[in-house]
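Q: just coords:
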Ligand code: CA
């Protein structure tokens, strides 16, 4: 049984109780807050391992709570899973940029939410394996755990190689990677990724990313970089 402490932040009592019930059943120690202000106060006092955070709250909203907790060294390490409603997509991106670990859209199935919480706690419990951290930069989100790319909140479907290339580049904006480094980073098993095929992959990747694709720049004679905003 899990014994991690989870703080549920949700102003709607029914959803709050649904979460409390389901999380407690899994063995988590559950505390609840009905407002953003109370959430920050309780997080500072109790240091839960994870906060389930509704974005739509009266007064201090979920994004503000996220910003406050991630901006304070004392609470920065607390994992945050945000709950989002339809139409919240821009806020999801902001939330991830502010350091939230994952998000679950409403209406959610408790089983899905619990699976996400487990995954986040597992990642938080051990240092994330190299190259597995999610990247959020200027409206682009690259989430290796979920193999998901969002541009301005919209999913973009990439091949596994395109995905890894983008993740490497976006992880270090402004940093120039040689074709050799990129080929090395994306090679899998025995499959051979040549310098030339990196160029081909980049064409496809830029096209799929639309306007965001222009951020991937060719550095003549060297390789590629993800341009800083
Ligand atoms: Ca709400």
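A: Now that the structure is in, tell me what you want to look at. Here the structure is a predicted model, which means the values were calculated and not measured. Numbering: from 1, shown residues only.
Q: Any buried residues in stretch 16-30, and which?
A: Buried residues in stretch 16-30, counting neighbours by 16 or more other CB atoms under 10 Å, are found at 16, 18-20, 22-23, 28, 30. (Glycine included, C-beta is placed from N, CA and C.)
Q: Which of the residues you listed sits closest to residue 65?
A: residue 16 (14.9 Å; CB to CB).
Q: That closest one is in what secondary structure piece?
A: helix 13-25 (DSSP states H and E).
Q: So in that sheet, which strands flank the helix or strand just after that helix, and in what orientation?
A: Scanning forward in sequence from helix 13-25 by DSSP H and E, the next helix or strand is strand 29-33. When sheet partners are counted by DSSP bridges, strand 29-33 sits next to strand 5-9 (parallel).
Q: Report the buried residues of the partner strand.
A: 5-9.
Q: what angle separates it from helix 13-25?
A: 170 degrees (axes from the mean of the first three to the mean of the last three CA atoms, to 10 degrees).
Q: and strand 5-9, does that touch the ion?
A: No - using CB under 5 Å from the ion, strand 5-9 never reaches the ion; the gap is at least 9.0 Å.
Q: How far does that strand sit from its chain's centre?
A: 19 Å (CA atoms, centre = their mean, to the nearest Å).
Q: what does it rub up against?
A: With contacts defined as CB atoms under 8 Å, 6 or more residues apart in numbering, strand 5-9 is touched by 16, 19-20, 23, 28-36, 38-39, 42-43, 46-54, 57, 62, 65, 117.
Q: Kindly recompute the last result at 7 Å.
A: For strand 5-9, the external contacting residues (CB atoms under 7 Å, 6 or more residues apart in numbering) are 16, 19-20, 23, 28-33, 39, 42-43, 46, 48-54, 65.
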